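Chemist: quick one: sequence plus predicted model below, questions after.
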Amino acid sequence: MNIFIGIVITLGTLFVLLAAVGLIRMPDTYLRISVNTKAATLGVGLLLGGVAFYFYDLSTTSRTFVIVLFLFLTAPVGAHLIGRASYFIGNKLWDKSQMDDLKGKYQRNSHVLKSEIDDTPEDNIDHTKM
Amino acid sequence: MTLAEYCRIVILPILAFSVILILVRFFRGPSIADRIVALDLLITTVIGIIGVYTITSGSSTLLDTGMILALIAFLSTVALSYYLERRSKKK
C-alpha cells in the first residue's frame, strides 16, 4: 500500500514540476494558461488522492474529495475568463501559431462576439495588425 | 525509508523548486495576465504542498486551509480578469 501511495505522489509531483517548467518555457500567454489548467490540476489531484489513501479516514477523504472537486470545477472557468481578458487587452499569439479562430470576431469597444467578420472591420480585434 | 521520510527528502524539495520556477515567471511575466496565471498556479502548488505536509506531519488539520486556498485562488482569478476586461472596455 505504501509503495502505491509513493508512486501516486511521485506522479503528482512530476506533473506539478512539469507545469512549473511549462510556465517558464511556454512562449505565449494562452499556452501558459493551458499548462496551468491541465497539468497542475492533475498533479494536485494525484497528490491529494495519495493523501486520502494514506490516512484512509472518512474526514480526510471527504476534505480531499471536496478540494479536488472544487479544483476540477473551477479550473476551466478561471482559464476561460483569464484567456478572454488577455485576448481583450491585446496579448499577441505566438508567431508560430497556425491559426486564430477569434480573429476579427470580437468587437473592440463593446466586447460582443460575432460569428463572422462584418462590415465594420475597424472595430474588430485583430492581433495580426496591432 | 518510510513514506513520510520519502516525502520529506524527495517530494518536498521538488515542489519547492517548482514554486521557485513559478515565482520567476511571476516576477518576469511580460503582461499582467501572465502574472495572474502564475499566481493561480502558485496557490494550486501550495495546496499540493499542504497535502504532502499532512503526510509528513501525520495530522490532517491543514487540509481545511487548502480548501480555503482553492476558494481564494478561484475568486482572485475571477475578480482580476473581470477588472482587467472592464479596463479595456469602453462605453
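Modeler: That came in fine, so what should we check first?
Chemist: help me confirm that A:Trp94 is found in a strand?
Modeler: No - A:Trp94 sits outside any strand when classified using DSSP: H, G, I helix; E, B strand; the rest coil, being coil.
Chemist: go ahead and confirm it touches A:Arg32.
Modeler: No - using CB atoms under 8 Å, A:Trp94 and A:Arg32 do not qualify as a contacting pair, with a distance of 10.6 Å. C-beta: built from backbone N, CA, C; applies to glycine.
Chemist: show me where chain B has helices.
Modeler: Per DSSP state H, chain B has helices spanning B:3-6, B:12-28, B:32-57, B:63-87. These are given in chain order.
Chemist: among those, show me which one is buried the most.
Modeler: Most buried of the helices of chain B, by mean neighbour count (mean count of other CB atoms under 10 Å in any protein chain shown): helix B:32-57, with a mean of 22.
Chemist: and that helix, anywhere near chain A?
Modeler: Yes - using CB under 8 Å from any CB of the partner chain, helix B:32-57 reaches chain A at B:32-34, B:36-38, B:40-41, B:44-45, B:47-48, B:51-52, B:54-55.
Chemist: can I get the least confident helix or strand in chain B by mean pLDDT in CSV, CA atoms only?
Modeler: In chain B, no helix or strand scores lower on mean pLDDT, DSSP states H and E than helix B:3-6, which sits at a mean of 88. C-alpha atoms of helix B:3-6 as CSV (Å, rounded to 0.1, in the frame of the first residue of the first chain):
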residue,chain,number,x,y,z
LEU,B,3,6.7,7.2,3.3
ALA,B,4,7.0,10.3,5.5
GLU,B,5,10.8,10.3,5.1
TYR,B,6,10.4,9.8,1.3
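Chemist: what's it packed up against?
Modeler: helix A:2-25, helix B:32-57 (3 or more CB pairs under 8 Å, 6 or more residues apart in numbering or on different chains; DSSP states H and E).
Chemist: circling back to that earlier point, ok, so of the residues of helix B:32-57 next to chain A, who is nearest chain A?
Modeler: B:Ala33 (3.5 Å; CB to the nearest CB).
Chemist: and the closest residue to that closest one other than its chain neighbours, how close does it get to B:Phe17?
Modeler: Distances taken as CB to CB, 6 or more residues apart in numbering or on different chains place A:Ser86 nearest to B:Ala33, at 3.5 Å, with adjacent residues excluded. Plainly put, A:Ser86 is 27 Å away from B:Phe17 if you go by CB to CB, to the nearest Å.
Chemist: next one: stretch A:72-85 to chain centre, how far?
Modeler: In this view, stretch A:72-85 has its centroid 7 Å away from the chain centroid, taken as CA atoms, centre = their mean, to the nearest Å.
Chemist: quick check: buried residues in that stretch?
Modeler: A:Thr74, A:Ala75, A:Gly78, A:Ala79, A:Leu81, A:Ile82, A:Gly83, A:Arg84, A:Ala85 (16 or more other CB atoms under 10 Å in any protein chain shown).
Chemist: what's the domain layout of chain A?
Modeler: What automatic domain parsing lists as the domains of chain A is A:2-95, A:99-130.
Chemist: just these: most buried one?
Modeler: Most buried of the domains of chain A by mean neighbour count (mean count of other CB under 10 Å) is domain A:2-95; its value is a mean of 19.
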